[in-house]
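> below are the sequence and a predicted model; questions follow.
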Amino acid sequence: MAVHLHNGSFEFYYNDMRFLKHIVLFVCFIQSWVQAQEENADGDIDGRIVGGEDASDGSYPYQISLQQLQQHICGGSIIGNQWILTAAHCVVGQTSSQMSVVTGTNVLDGSGQRYQVERLIAHPRYNQRTSANDIALVKLTRTISFNSKVGRISLPRSNTGGGRQLTLTGWGKTSFPGQVSRTLQTIKLTSLSNSQCRRTFPQITSGSICTAGDSGKGACQGDSGGPLVDGNSQVGVVSFGVPCAKGQPDVFARVYAYNSWIRSNIQ
């Protein structure tokens, strides 16, 4: 797990399998074993995105898994025939030849269609320290095959204010600490105004959108880069938050603020 901490207060929802394998494998094993024993003792083994539920098959055809060496590290969404939208912190420092995208499945079990990556494009003004402009594009080496379980999501035509009910999907951890979910999870969250969000995260800009964080519900590691959706359009890309589902806002890149940048790159 590559944890990117800033001022000790928040972290990206990003799952780096290299770090898991080579640095803290034994520690993670012990933590997972202890957690499993506690969950079994409680009789409440919850296969959910912190407070969410399993997504029905084919219900979110735009959702993809961004993988490194065939291991899930981030979510993303299909926005064009060869284009994926994700978070900048998911692609910065990565090598395109080691990356791939899996479409058309809700389960991380080797099913779905795999596409190789031609190019990774992080926003040129992405700031790792503040998380500003945490948005990126992934170009695939070939055209995506669309079907009932694979489809694109539209960019937003208008800005999103506070009080909107939005949908988040992802394969992130279902508890913290914990394991990445193997089944796609979905949850309903409510948007906040930026003035409300700045009470927790003063550094956010007009390029950010936040969701209300009731305790026990929200994003977690592995959800990074995934889509926050309002109806048929994507309004956010998972960026960062206080891990995980602690009653604090989750922060997303506000897609509407980057419409021009996105279109200029994919046309």
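Yep, that arrived. Numbering: from 1, shown residues only.
> could you use CA atoms for every contact and neighbour count after this?
OK.
> what's the burial count for the nearest residue to residue 190 once chain neighbours are set aside?
Setting aside the residues directly before and after it, residue 190 is nearest to residue 165 in space (C-alpha to C-alpha, 6 or more residues apart in numbering), at 4.6 Å. The criterion is other C-alpha atoms under 10 Å. On that basis, residue 165 has 15 neighbouring residues.
> quick check, pLDDT for residue 165.
Per-residue confidence at residue 165 stands at 96 (pLDDT).
> with residue 71 instead?
94.
> tell me where the model's unsure across this structure.
For the chain, the stretches flagged by pLDDT under 70 are 1-51, 173-180, 213-218, 221-222, 244-245.
> quick one: the helices in it?
Counting by DSSP state H, residue ranges of the helices within the chain are 17-22, 25-42, 194-197, 259-266.
> hang on, isn't residue 203 packed against residue 130?
Yes: contact criterion C-alpha atoms under 8 Å: residue 203 and residue 130 qualify, at 6.7 Å.
> that older thread, contacts only, for the residue nearest to residue 190.
Residue 165 is in contact with 188-191, 230, counting by C-alpha atoms under 8 Å, 6 or more residues apart in numbering.
> same list (these) but as a markdown table, adding distance to residue 91 and neighbour count.
Written out in a markdown table, the entries for these read as follows (distance: C-alpha to C-alpha, whole Å; neighbours: other C-alpha atoms under 10 Å):
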| residue | distance to residue 91 | neighbour count |
| --- | --- | --- |
| 188 | 27 | 18 |
| 189 | 26 | 24 |
| 190 | 28 | 16 |
| 191 | 26 | 24 |
| 230 | 25 | 17 |
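> among those residues, name the ones in strands.
Assignment to strands by DSSP state E places the following of the contacts of residue 165 there: 188-191, 230.
> can those residues go into TSV with extra columns for distance to residue 72?
Rendered in TSV, the data for those read as follows (distance: C-alpha to C-alpha, whole Å):
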residue	distance to residue 72
188	23
189	24
190	27
191	27
230	25
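> residues in contact with residue 89?
Residue 89 touches 12, 128, 134-135, 239, counting by C-alpha under 8 Å, 6+ apart.
> may I see the residues you listed organised as TSV, with distance to residue 152 added?
Converted to TSV, those look like this (distance: C-alpha to C-alpha, whole Å):
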residue	distance to residue 152
12	25
128	28
134	21
135	17
239	21
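> where exactly do the strands run in the stretch 51-200 of the chain?
53-54, 63-68, 71-78, 83-86, 99-103, 113-122, 136-140, 165-170, 185-192 (DSSP state E, counting those that start in this stretch).
> which of those strands sits closest to residue 150?
Judged by C-alpha to C-alpha, the one of the strands of the stretch 51-200 of the chain that comes nearest to residue 150 is strand 99-103, at 6.5 Å.
> angle of that closest one against strand 113-122?
Relative orientation of strand 99-103 with respect to strand 113-122: 130 degrees, computed using axes from the mean of the first three to the mean of the last three C-alpha atoms, to 10 degrees.
> packing partners of strand 99-103?
Contact here means 3 or more C-alpha pairs under 8 Å, 6 or more residues apart in numbering; DSSP states H and E; on that basis strand 99-103 packs against strand 63-68, strand 113-122.
> at 10 Å instead, please
Helices and strands touching strand 99-103, as assessed by 3 or more C-alpha pairs under 10 Å, 6 or more residues apart in numbering; DSSP states H and E, comprise strand 63-68, strand 71-78, strand 113-122, strand 136-140.
> may I have the strands that pair with the third one, each with its orientation?
The pairing partners recorded for strand 113-122 under DSSP bridges are strand 99-103 (antiparallel), strand 136-140 (antiparallel).
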